[in-house]
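Enquirer: Pasted the sequence and its predicted model underneath.
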Amino acid sequence: MAGSAPHASPQAAARSSVRVDSWAWAVRLFKTRSAASDACKAGHLKVNGERAKPAQPVKVGDEVRALVGGVERIYIARRLITKRLSAAAAADCFDDRTPPPPPRTEAPAAVLRERGAGRPTKRERRLLEQLRGR
């Protein structure tokens, strides 16, 4: 097997950097490597504050910011991998520095009128607006 590509373990540990799209896919930030590459091209992946192209190198200790599902996540690379691992093993490859989401604010319940009750009177409308906080 002289022509086969090397697998993760010994050579990945010896590498000083890996491609950001490959690393983001391997640590399960994205479902596919092409999705990770597309995120780079769209500017959703940043390495140390700079927009990253798919081939940008990631080193141990680098900060990787990823916009995933509308939420910016902040990771510090602890281990460099190029092959996709189990979720538990992938979690050991980065420190998650994403701040917790802001607390949810309670919205008032929707005010529903009975079907067939007709239009609200001026007094009822004012009460509804007061309940809604307007």
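Expert: Perfect, I can see it now. Numbers count the residues shown, from 1 in each chain.

Enquirer: Show the residue spans covered by the strands in the chain.
Expert: 18-19, 45-47, 50-51, 57-58, 63-68, 71-77, 94-96 (DSSP state E).

Enquirer: ok now do residue 44, which residues does it touch?
Expert: Contacts for residue 44 (Cβ atoms under 8 Å, 6 or more residues apart in numbering) come out as 66-68. For every residue, glycine as well, the C-beta is placed using N, CA and C.

Enquirer: sorry, back to before: would you list the strands of the chain in JSON lines and tack on distance to residue 117?
Expert: Shown next, in JSON lines, are the strands of the chain (distance: least, Cβ to Cβ, whole Å):
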{"stretch": "strand 18-19", "distance to residue 117": "63"}
{"stretch": "strand 45-47", "distance to residue 117": "53"}
{"stretch": "strand 50-51", "distance to residue 117": "56"}
{"stretch": "strand 57-58", "distance to residue 117": "61"}
{"stretch": "strand 63-68", "distance to residue 117": "45"}
{"stretch": "strand 71-77", "distance to residue 117": "41"}
{"stretch": "strand 94-96", "distance to residue 117": "51"}
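
Enquirer: Spatially nearest residue to residue 96, not counting backbone neighbours?
Expert: residue 75 (6.0 Å; Cβ to Cβ, 6 or more residues apart in numbering).

Enquirer: before we move on, back to that, most tightly packed of the strands of the chain?
Expert: Of those, the one with the most neighbours on average (mean count of other Cβ atoms under 10 Å) is strand 45-47, at a mean of 23.

Enquirer: gap between the two ends of stretch 84-93?
Expert: In stretch 84-93, first residue to last residue: 11 Å (Cα to Cα, to the nearest Å).
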